[in-house]
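Enquirer: Give me a model of this one.
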Amino acid sequence: MTDAEWAVVRDVLPVPGWLEGRGGQPEGYCHRQMVDAVRYPVAGRAPEPTAGIIDSQSVKGAASVPAASRRFDGGKKVNGRKRHIVVDTLGLLVAVMVTAASVTDSEVGRTLLKWLRKRHWRISLVWADGGYTGRLVGLARDVLRIALTVVRHTDATAGFVVLQKGWLAERTFAWLMHSRRLVREYETRTEPSEAMIRWSMSVVMSRRLARQAR
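Expert: Okay, here's the model as predicted:
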């Protein structure tokens, strides 16, 4: 709280009883510090994100997708393309890249993290799943100054398990799949596909802003 804000708030606070002779003990804490402590959890977020989540989604390609930009994802058993995204802790899109489905997460992760360092330099922490291991973790730490935290499934887990922070990116993919154009890959080139993802995300964000304005 700034001095100007405190000057306004201080005058509307009730006078402690002990100051008016109504008994009680003096408070052990400064009123301004107590008000700051209450304000902290509800304070507004910074406009630039400081943390993110990176993830990918393999999507089947329609007949309009040429063989040059589509491949087979052996892990997901999908013939098509892969969408790689970085979102902030609200699930809002920060970066997107579309490749053939055979391209590994760590390969694209290198490109996306370098882009983050350049365009969103405040981001210093990124959560990822087990697909972003190996040299990428060291590169992120030593060169890009980004702490790439890999959240893995433990041996004790069985079936579907919600990974820490990873569900935020999964939710974003679910939002995108509400767009008919994104249920499959239809674009002949990857650049228009990335543009479609950005347009779909702009719909999600504008609707959210409209609800907040009501």
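
Enquirer: got any ranges where this protein has weak pLDDT?
Expert: 40-44, 153-163, 212-214 (pLDDT under 70).

Enquirer: Tell me which residue lies farthest from the centre of it.
Expert: Taking Cα atoms, centre = their mean as the measure, the residue most remote from the mean C-alpha position of the chain is Gly21, 53.5 Å away.

Enquirer: could you check the distance from it over to Val15?
Expert: 11 Å (Cβ to Cβ, to the nearest Å). In this view, the C-beta of every residue, glycine as well, is placed from N, C-alpha and C.

Enquirer: Also Ala51?
Expert: From Ala51 to Val15 the distance is 43 Å (Cβ to Cβ).

Enquirer: Pick out whichever of the two has more residues nearby.
Expert: Between Ala51 and Val15, counting by other Cβ atoms under 10 Å, Ala51 is the more crowded of the two (16 against 8).

Enquirer: which strands and helices sit next to the helix or strand hosting Leu168?
Expert: Per DSSP states H and E, Leu168 falls inside helix 166-176. Applying 3 or more Cβ pairs under 8 Å, 6 or more residues apart in numbering; DSSP states H and E, one finds that helix 166-176 contacts strand 51-60, strand 78-87, helix 190-213.

Enquirer: shouldn't Arg117 be in contact with Leu139?
Expert: No: shown here, Arg117 and Leu139 do not form a contact pair, counting by Cβ atoms under 8 Å, at 10.6 Å.

Enquirer: helices or strands up against the one helix or strand Ala7 maps to?
Expert: Assigned by DSSP H and E, Ala7 belongs to helix 3-12. Using 3+ Cβ pairs under 8 Å, 6+ apart, the elements in contact with helix 3-12 are helix 31-39.

Enquirer: Just the buried positions in the helix it packs on, please.
Expert: Val35 (16 or more other Cβ atoms under 10 Å).

Enquirer: quick check: angle from it to helix 3-12?
Expert: 100 degrees (axes from the mean of the first three to the mean of the last three Cα atoms, to 10 degrees).

Enquirer: Now the spatially most central residue of the chain: closest residue in space, sequence neighbours ignored.
Expert: Nearest to the mean C-alpha position of the chain, by Cα atoms, centre = their mean, lies Asp88 at 2.1 Å. With Cβ to Cβ, 6 or more residues apart in numbering as the criterion, Asp88 has its nearest non-adjacent residue at 3.8 Å, and that residue is Pro49.

Enquirer: Spit out the contact partners of that neighbour.
Expert: Pro49 makes contact with 88-89, 94, 120, 122-123, according to Cβ atoms under 8 Å, 6 or more residues apart in numbering.

Enquirer: Dump the residues you listed to TSV, plus distance to Asn79.
Expert: Converted to TSV, the contacts of Pro49 look like this (distance: Cβ to Cβ, whole Å):
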residue	distance to Asn79
Asp88	31
Thr89	33
Val94	28
His120	33
Arg122	38
Ile123	33
